[in-house]
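> The sequence and its predicted three-dimensional model are supplied below.
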Amino acid sequence: MYCVAAAPLGAPADNRHAGAWFRRFTIAAAAIAALLGAMSFTQAGVLITVNKSTQRLSVAVDGEPRYVWPTSTARRGYATPNGSYRPERLERKWFSRKYDWSPMPYSIFFDGGYAIHGSYEISHLGRPASHGCIRLHPKHAAVLFALVRENRHDTRIVVTGERPARRVDSRARHTRQTSRTWHSRSAPRTVFESIFSN
């Protein structure tokens, strides 16, 4: 009697277990789908990363690295703000009203008056040189401007790092010292020595 009673009770228990398992599976599948959807959403669009420590600007599109360019951020006495931003305004041709109407082609404004823009002072790229904006070679700025214009609502700008410490080129300093020492030792000391030194 005990075995007979146990059989009918066992079947519904298995069905309840199967139903609970199916519900858990459905919830887990939905959670995974939502997570994957969120991941693909965060990777979609354009991510511009500015590293002040290395003076490099990198661009990733849909999670794939696309460009790495030298840049110039704020020099001593000025600041380029760190943080995560969205493009606020795009200006194909712009001139700085604050700094002597300096040209700022392909400006991507991201924090009030701060912008990523082209600069004709290309010899300064790769080291801090600006009043706070992020400078690029005009050709690179044009490429970035077009990319952001097409993906304006899916673009994020991240500024990180610190202004690199001022480096002294030890080789140049050594060359200057050696040259100064050589000239001081080899320079004639009298008129007589200067006449007969050749």
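Here it is on my side, so go on.

> Which helix or strand contains the residue nearest to residue 65 when sequence neighbours are not counted?
Spatial nearest neighbour of residue 65, excluding adjacent residues (Cβ to Cβ, 6 or more residues apart in numbering): residue 58 at 6.7 Å. Yep, even glycine has a C-beta here, placed from its N, CA and C like the rest. Using DSSP states H and E, residue 58 sits in strand 56-61.

> I'd like to know which elements that strand is packed against.
strand 46-51, strand 64-70, helix 138-150 (3 or more Cβ pairs under 8 Å, 6 or more residues apart in numbering; DSSP states H and E).

> Report the contact partners of residue 118.
103-106, 135-142 (Cβ atoms under 8 Å, 6 or more residues apart in numbering).

> so which helix or strand takes in the spatially closest residue to residue 149 that is not a sequence neighbour?
The spatial neighbour of residue 149 that comes closest, neighbours along the chain excluded (Cβ to Cβ, 6+ apart), is residue 90 at 5.9 Å. Element membership of residue 90, judged by DSSP H and E, is strand 89-91.

> That strand pairs with which strands, and in what direction?
Its sheet considered, strand 89-91 pairs with strand 107-111 (antiparallel) by DSSP bridges.

> Just the buried positions in the strand it pairs with, please.
Applying a neighbour-count criterion of 16 or more other Cβ atoms under 10 Å, one finds 107-110 buried in strand 107-111.

> Let's have the residues you listed in CSV, adding distance to residue 122 and pLDDT.
As requested, these are exported to CSV (distance: Cβ to Cβ, whole Å; pLDDT from 0 to 100):
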residue, distance to residue 122, pLDDT
107, 17, 94
108, 18, 95
109, 22, 94
110, 22, 95
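
> Turn the residues you listed into a markdown table, including distance to residue 67.
Shown next, in a markdown table, are these (distance: Cβ to Cβ, whole Å):
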| residue | distance to residue 67 |
| --- | --- |
| 107 | 18 |
| 108 | 14 |
| 109 | 20 |
| 110 | 17 |
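
> can you name the two of the residues you listed that are farthest apart?
Spanning the widest gap among the buried residues of strand 107-111 are 107 and 110, at 9.8 Å by Cβ to Cβ.

> so what's in contact with those two at the same time?
Residues touching both residue 107 and residue 110 (Cβ under 8 Å, 6+ apart): residue 116.
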